[in-house]
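S.K.: what follows is a predicted structure for the sequence shown.
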Amino acid sequence: MKTHVRQRAPIALIVEDDPHLRELAAALLEETDLRVVECESAEEAFSILCRDGDDVAMIFVDIRLPGVLDGMDLARRVRALWPEASVVVTSGYSPEGEMPDNVVYMPKPWLALNVLMQAERASDHMRELRAVA
């Protein structure tokens, strides 16, 4: 797990087993005001969510991941436990089964602008939530 520190900034959690794609997504999201945390598996991401879930604005997750949980399993858990977090699932393959409610699907290869737009929405939403709290 890699963390790029911006204290108290909302978190963008990148869950991708391909190190090149994970680094590319991190480089993109570092251009936003989100604090980037990188993970290789859904289990690793879930443990971070259990610790820092209320600070996670966006989860950018590949559907196919090594381990017990895949990206869709993680997306379902996030929707149930952290409903305010934005979830973007991505894959080079068409997703099987039904997409959870309020989850954005972004096919690979994704466009940088689309990723940045989702990050901006997630960041704005987190800012609104924090202003109300």
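M.R.: Noted; the coordinates are in hand. Numbering: from 1, shown residues only.
S.K.: tell me the contacts of residue 90?
M.R.: Counting by C-beta atoms under 8 Å, 6 or more residues apart in numbering, residue 90 touches 60, 61, 62, 63, 71, 105, 106, 107, 108, 110. The way it works is simple: take the backbone N, C-alpha and C, and place the C-beta from them, glycine included.
S.K.: quick one, which of those residues are buried?
M.R.: Neighbour-count burial (16 or more other C-beta atoms under 10 Å) applied to those gives 60, 61, 62, 63, 71, 110.
S.K.: so which of these are in strands?
M.R.: 60, 61, 62 (DSSP state E).
S.K.: wait, the first one touches residue 32, no?
M.R.: No: taking contact to mean C-beta atoms under 8 Å, the distance of 11.4 Å between residue 60 and residue 32 leaves them out of contact.
S.K.: quick one: common contacting residues for those two?
M.R.: Listed as contacting both residue 60 and residue 32 by C-beta under 8 Å, 6+ apart are residue 12.
S.K.: ok, back up a step: which one of the ones in strands among the buried ones among the contacts of residue 90 is nearest residue 43?
M.R.: residue 61 (12.2 Å; C-beta to C-beta).
S.K.: that closest one against residue 91, yeah?
M.R.: No: between residue 61 and residue 91 there is no contact under C-beta under 8 Å: 9.5 Å.
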